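Asker: could you work out the structure for the sequence below:
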Amino acid sequence: MKQTATLALLAGTNILVILLFQWYVITQLGVGIETDALFAGMAVPQLILTVVGSSLTHVLVPLLATEDAGTFRQNAWGFFLGISAIFTVLALGLYVTATFWVAWLVPGFSKPAQALTVTLTRIQLVSMIFTASVSVLWSVYHAKQKFIWVELSTLLSSVIALGLLIWLLPAYGVAGAALLIVMRTGLQVAWLMPGLGHWEWPDWSSSAMREAWRRIRPLLLGTAYYRTDPLVDRYLASMAPAGGLSLLYIAQQIYGVANVVAEKAIAAPMVPLLARQAGAAKWAAFRHVYRRRLLAMGGLTVLGYLVLLVTGERILNLLIGHGGVTANNVHLLWVIMVALVGFFIAGAMGVVTSKTFYAMGDTSTPTRMSIVTYTLYIPAKVWGFYRYGLVGLAVVTSAYLFLNLVIQILLLEGYVIPKRERNSDLKTQNEGLRSQTR
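Answerer: Have a look, this model is predicted:
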């Protein structure tokens, strides 16, 4: 409980600082072309990081958590160097070709807005490299069950970036904000590098490397498809009135950062524990931990959503209804957030169910499920936007995430965990028969 409370406090404070960063940019520049370009420029880097970065964490934490000290450091260095090199090459390719694919990403933007989006995207591609590297470092610390320094280092980086923003934004505008986002992520890498320990030459053919590739392959293939959701959002929102893309992004960010607090305090600490329980075939304890975390996540998010319904618009007016942000902007933001109920509640609870699959080393089941539901979701989302605008898009998103959550729970309770229990019982019986024969 003490660790959970500390993690929640640190993650909450960090998220508050990140929100203050975005709040300062929005209130100083207003909701319009510049902020639309800034948030659109984050789309592709965030997509790649969501696909690869989250996949890495889900795979590496259970793997590293079960290694001995001798191979831990060697494999940690190997994962860090390999991922950093891959993302550097990828970023260079995207940088060179940005002029071509950005125009396709935001077809509703004017030519000047597209040119600004290209510039801001290229800046933030550097942040993509740092975030990929830091995702490996997070996995290293989480596998050691050292969660506090991960959150504290993120908070320190965010506070420094916020302080510099107040100084640099008047001089460099929205480009200065993009540069500080890069610097903030680079600082996190610097703070966490000592966690790798002294230099150890990687063994690229180790069993851990092979197993990581086996587990991550279905995640990469599947998530590369169904994680394109932010690109669809930017594509559609670029055709909304100026500022619409910014408001949709802000709504998702507010919920997203709230979910990060809950994830780091509730979901992330359970993964090493579940991995060990799965390895020891302690399925009753495994199910108990997963269910308690799922109920805790659901209770917190439902309570937060009720607060939004009752006092949300007043709070939003108080927080961002200043400078270039109008009362109409705030009202539309609140309506979008109400419609995004599934993004908040089902999205947070879905993190618990997904991590439960990954703790067992099962990356293919949730991936296959998401591919099917996402295929149905995309045409529904396009219909919702063209029929009801940004609010319609948000409602369809909520329905999709609730459907995913229900299916994952049914799979865990009705198929995956019972199957593991039966296999464990059968293995025990076979071992007993062999011992009697001997």
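Asker: use CA for all of it now, contacts and neighbours both
Answerer: Noted.
Asker: how about low-confidence regions in the stretch 151-300 of the chain?
Answerer: Along the stretch 151-300 of the chain, the model assigns pLDDT under 70 to residues 217-226.
Asker: any idea how far Thr117 lies from Leu412?
Answerer: Distance of Thr117 to Leu412, given as CA to CA, to the nearest Å: 42 Å.
Asker: out of these two, which sits in the busier spot?
Answerer: Between Thr117 and Leu412, counting by other CA atoms under 10 Å, Thr117 is the more crowded of the two (29 against 19).
Asker: got a pLDDT number for Ile15?
Answerer: Reported pLDDT at Ile15 in the predicted model: 75.
Asker: so it is in contact with Gly256, correct?
Answerer: No - using CA atoms under 8 Å as the test, Ile15 is too far from Gly256 to be in contact (9.6 Å).
Asker: looking at the two, which is more packed in?
Answerer: More crowded of Ile15 and Gly256, by other CA under 10 Å: Ile15, with 23 against 18.
Asker: give me the distance between the spatially closest residue to the more buried one that is not a sequence neighbour and Ala237.
Answerer: Spatial nearest neighbour of Ile15, chain neighbours left out: Val257 (5.8 Å); criterion: CA to CA, 6 or more residues apart in numbering. Per CA to CA, Val257 is found 21 Å from Ala237.
Asker: so which of those two has more stuff around it?
Answerer: Set Val257 next to Ala237 and count neighbours by other CA under 10 Å: Ala237 wins out with 28 against 19.
Asker: who's in contact with the more buried one?
Answerer: Ala237 makes contact with 244-245, 248, 390 under the criterion CA atoms under 8 Å, 6 or more residues apart in numbering.
Asker: which one of those residues is nearest to Trp101?
Answerer: Taking CA to CA as the measure, Trp101 lies nearest Leu245 of these, at 18.1 Å.
Asker: surely the closest one is in contact with Arg234?
Answerer: Yes - Leu245 is within contact range of Arg234, at 6.7 Å (criterion: CA under 8 Å).
Asker: quick one: contacts for the residue nearest to His322 when sequence neighbours are not counted?
Answerer: Spatial nearest neighbour of His322, excluding adjacent residues (CA to CA, 6+ apart): Thr27 at 5.9 Å. Going by CA under 8 Å, 6+ apart, Thr27 touches 320-325.
Asker: try 6 Å this time
Answerer: 322-324 (CA atoms under 6 Å, 6 or more residues apart in numbering).
Asker: that one: helix or strand, and which one exactly?
Answerer: helix 2-29 (DSSP states H and E).
Asker: what helix or strand does Leu306 sit in?
Answerer: Per DSSP H and E, the secondary structure element for Leu306 is helix 283-320.
Asker: quick check: angle from that helix to helix 2-29?
Answerer: Relative orientation of helix 283-320 versus helix 2-29 (axes from the mean of the first three to the mean of the last three CA atoms, to 10 degrees): 30 degrees.
Asker: which helix or strand lies directly C-terminal to the helix or strand containing Ala132?
Answerer: Assessed by DSSP H and E, Ala132 sits inside helix 111-143. Using DSSP H and E, the helix or strand that follows helix 111-143 in sequence is helix 148-192.
Asker: report the distance from that next one to the chain centre.
Answerer: Computed by CA atoms, centre = their mean, to the nearest Å, the chain-centroid distance of helix 148-192 equals 18 Å.
Asker: and what of stretch 16-31?
Answerer: Using CA atoms, centre = their mean, the offset of stretch 16-31 from its chain centre is 20 Å.
Asker: ranges for the helices of the stretch 251-400 of the chain?
Answerer: Counting by DSSP state H, counting those that start in this stretch, the stretch 251-400 of the chain has helices at residues 270-279, 283-320, 327-339, 341-359, 364-411.
Asker: now do the shortest one: everything it contacts.
Answerer: Around helix 270-279, the neighbours that count as contacts under CA under 6 Å, 6+ apart are 62, 286, 359-360.
Asker: tell me the one among the residues you listed nearest to Asp229.
Answerer: The closest of the contacts of helix 270-279 to Asp229 turns out to be Ala359 (CA to CA; 24.9 Å).
Asker: before we move on, the earlier item: now the contacts of Thr27: which count as buried?
Answerer: His322 (16 or more other CA atoms under 10 Å).
Asker: export only the CA atoms of stretch 96-108, formatted as CSV.
Answerer: Extracted in CSV, the C-alpha atoms of stretch 96-108 (Å, rounded to 0.1, in the frame of the first residue of the first chain):
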residue,chain,number,x,y,z
VAL,A,96,13.7,12.6,-44.8
THR,A,97,10.3,11.6,-46.1
ALA,A,98,8.2,13.8,-43.8
THR,A,99,7.2,16.2,-46.5
PHE,A,100,5.4,13.5,-48.3
TRP,A,101,3.5,11.6,-45.6
VAL,A,102,2.5,14.5,-43.4
ALA,A,103,0.3,16.0,-46.2
TRP,A,104,-1.5,12.7,-46.4
LEU,A,105,-1.9,12.6,-42.6
VAL,A,106,-3.7,15.9,-42.3
PRO,A,107,-5.5,16.5,-45.6
GLY,A,108,-7.8,19.1,-44.1
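Asker: which parts of that stretch count as buried, going by neighbours?
Answerer: 98-99, 102-103, 105-108.
Asker: ok, stretch 147-165 next?
Answerer: Neighbour-count burial for stretch 147-165 [16+ other CA under 10 Å]: 147-159, 161-162, 165.
Asker: between those residues, which sits nearest Ile315?
Answerer: Of all the buried residues of stretch 147-165, Ile315 sits closest to Leu162, with 21.6 Å by CA to CA.
Asker: related to what we said a few turns ago, and the two most separated of the contacts of Ala237?
Answerer: For these, with distances taken as CA to CA, the pair at the greatest spread is Leu245 and Leu390 (8.8 Å).
Asker: not including adjacent chain positions, what is the nearest residue to Thr13?
Answerer: Closest residue to Thr13 apart from its sequence neighbours, by CA to CA, 6+ apart: Leu155 at 7.2 Å.
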